[in-house]
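In: What follows is a protein structure lacking sequence information:
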């Protein structure tokens, strides 16, 4: 990576600092998510040294994180033009295109990077992920195999190869790669999680529980091991998924969240909620104050925006919120537990929408009551949950995958206790998991004025 010499300084600073020192200051701001300050300093650096490739690249990354991805792409392309042989710029450009769902463009950028550095296992692993997203499975297999040949201890490539085998319906083959990843790195939490999830997808719940039990032996406080062991054994089941589990799981999942849900799991919840909005709200004129409750990476945000005079999001995962910021539609994003946040915003929202979030709650009574209190009179609540069979003995129950399923009767009771009027309840398919549809309830309710 190039940089200016120490003799160059930044005009107008309170004390004279070198270009490199100022660049490091900007990077530190950037790493601490102080994006406005980082952008201001990167811009001053570019005034001092126009066309500096590192500053262009980093400013581009910051702009993308702030929801100005088009500008970010342009800046990184300028950095590449200034230093075309530096692979890192192309890798990050590919990451941006991937996050925007621009699979073909991302693949082309990664392939350019591979051409510059054929020996880079990470790049071959990235290319494999994109081939897999395009359902070019043999090419994905070859790319992962190349990554492993270059670096036999490349854990992500082993796990990704396992995911590829799982996508092809070869779960024993997938398990062999997860086991190999664990042999190479016994503490790898991704391989443990994938191995456990593959066992429960095969109906081997006891084997999944044993994976989580062994994980807890090695890491007694790991939130995923604890929660998933409870889910598989029905022992010490929490009232809702613990905050540390949610935060850890989705921080880890943030980078691949959208590609996994959209490419592998045929994720429907955001579009289903948007369709429900259209059925129960007047035509969109940016007229409502709206909350995306459990916003994740912001998949619902662009669909809510046409109705939003103001749109906010709340989530427990900081990395998910960072991704949501890149959508460019949220005025405010809050890191908070959902029920507590709703309780602290009484009568504030015209619309509260929660796609695929309340499945992390057992008894819905408290969170639905908090939603009702947070709505203005006449406000609308829309949400999805996963459904229990109607003949189930329980009103709500944790499932081996770690989420909770709910009966229609429990939903109706929770709405009634909160003083909400049910507008519509629809049986829907929310996603696929383990090759099977995940059934759910799509609900619209209103707070009467």
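Out: Looks like it came in fine. For clarity, every value in this text was computed on a predicted model and none was experimentally measured.
In: Next, count neighbours for the nearest residue to residue 80 once chain neighbours are set aside.
Out: Excluding the flanking residues, the one nearest residue 80 by Cβ to Cβ, 6 or more residues apart in numbering is residue 89, at 4.9 Å. For the C-beta atoms, the positions are set from N, CA and C on the backbone; glycine is no exception. A total of 27 residues lie near residue 89 under the criterion other Cβ atoms under 10 Å.
In: Residue 89 sits in which helix or strand?
Out: Per DSSP states H and E, residue 89 falls inside helix 87-99.
In: can you list contacts of that helix?
Out: Here helix 87-99 makes contact (Cβ atoms under 8 Å, 6 or more residues apart in numbering) with 1, 53, 57, 61, 64, 69, 72-73, 76-77, 79-80, 83, 103, 105-107, 109-110, 112-113, 116-117, 120, 122-123, 126, 129-130, 258-259, 323, 326.
In: Identify those among the residues you listed that sit within helices.
Out: Members of those lying in helices (criterion: DSSP state H): 53, 57, 61, 64, 69, 72-73, 76-77, 79-80, 103, 105-107, 109-110, 112-113, 116, 122-123, 126, 129-130, 258-259, 323.
In: returning to what we had before: mind listing what's buried in the helix holding residue 89?
Out: By neighbour count, with 16 or more other Cβ atoms under 10 Å as the criterion, the buried positions of helix 87-99 are 87, 89, 90, 91, 92, 93, 94, 95, 96, 97, 98, 99.
In: pLDDT and distance to residue 21 added to those, as TSV?
Out: Compiled in TSV, the buried residues of helix 87-99 are given as follows (pLDDT from 0 to 100; distance: Cβ to Cβ, whole Å):
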residue	pLDDT	distance to residue 21
87	95	26
89	96	22
90	96	27
91	94	26
92	95	23
93	96	27
94	94	30
95	90	28
96	92	28
97	92	32
98	86	33
99	82	31
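In: Next SSE downstream of the one helix or strand in the chain whose mean pLDDT sits lowest?
Out: Ranked by mean pLDDT, DSSP states H and E, the weakest helix or strand in the chain is helix 257-259, scoring a mean of 49. Downstream of helix 257-259, the first helix or strand assigned by DSSP H and E is helix 269-280.
In: Buried by neighbour count: which residues of that following helix qualify?
Out: Quick answer for helix 269-280 (16+ other Cβ under 10 Å): 269, 270, 272, 273, 274, 276, 277.
In: Quick check: the fifth one touching residue 300?
Out: Read it as residue 274. Yes - applying Cβ atoms under 8 Å, one finds residue 274 in contact with residue 300, separated by 7.0 Å.
In: Narrow the ones in helices among the contacts of helix 87-99 to those that are buried.
Out: 53, 57, 61, 64, 69, 72-73, 76-77, 79-80, 103, 105-107, 109-110, 112-113, 122-123, 126, 129-130, 258-259, 323.
In: In which helix or strand does residue 376 reside?
Out: Following DSSP H and E, one finds residue 376 within strand 375-387.
In: Let me know the average pLDDT across the helix or strand just after that strand.
Out: Next helix or strand after strand 375-387 toward the C-terminus (DSSP H and E): strand 396-398. The average pLDDT for strand 396-398 rounds to 95.
In: what about stretch 393-404, distance to the chain center?
Out: Distance of stretch 393-404 from its chain centroid, counting by Cα atoms, centre = their mean, to the nearest Å, is 23 Å.
In: Would you indicate which residues of it are buried?
Out: For stretch 393-404, the neighbour count (16+ other Cβ under 10 Å) marks 395, 396, 397, 398, 399, 400, 401, 402, 403, 404 as buried.
In: same thing with stretch 340-355?
Out: 341, 342, 343, 345, 348, 349, 350, 351, 352, 353, 354, 355.
In: tell me the contacts of residue 312?
Out: Shown in contact with residue 312 (Cβ under 8 Å, 6+ apart): 290, 291, 292, 330, 331, 332, 333, 334.
In: Now do the fourth one: how many residues are near it, please.
Out: By the measure other Cβ under 10 Å, the count of residues near residue 330 is 24.
In: Do I have it right that it meets residue 301?
Out: Yes - between residue 330 and residue 301 there is a contact under Cβ under 8 Å: 5.8 Å.
In: Could you check how far the closest residue to residue 119 other than its chain neighbours is from residue 326?
Out: Closest residue in space to residue 119, ignoring its immediate chain neighbours: residue 150 at 6.0 Å, by Cβ to Cβ, 6+ apart. For residue 150, the distance to residue 326 (Cβ to Cβ, to the nearest Å) stands at 31 Å.
In: could you list every residue that touches residue 182?
Out: 188, 191, 192, 195.
In: So residue 150 and residue 326 - more neighbours on which side?
Out: Taking other Cβ under 10 Å, residue 150 and residue 326 do not tie; residue 326 has more neighbours (21 against 17).
In: Near the closest residue to the more buried one other than its chain neighbours, how many residues? Count them for me, please.
Out: Excluding the flanking residues, the one nearest residue 326 by Cβ to Cβ, 6+ apart is residue 67, at 5.2 Å. A count of neighbours around residue 67, defined by other Cβ under 10 Å, yields 17.
In: returning to that earlier point: report the two of the buried residues of helix 87-99 separated the most.
Out: Using Cβ to Cβ, the buried residues of helix 87-99 reach their maximum pairwise distance at 87 and 99, which is 18.7 Å.
In: angle of the helix or strand hosting residue 139 against helix 103-116?
Out: Using DSSP H and E, residue 139 maps to helix 137-150. In terms of direction (axes from the mean of the first three to the mean of the last three Cα atoms, to 10 degrees), helix 137-150 departs from helix 103-116 by 30 degrees.
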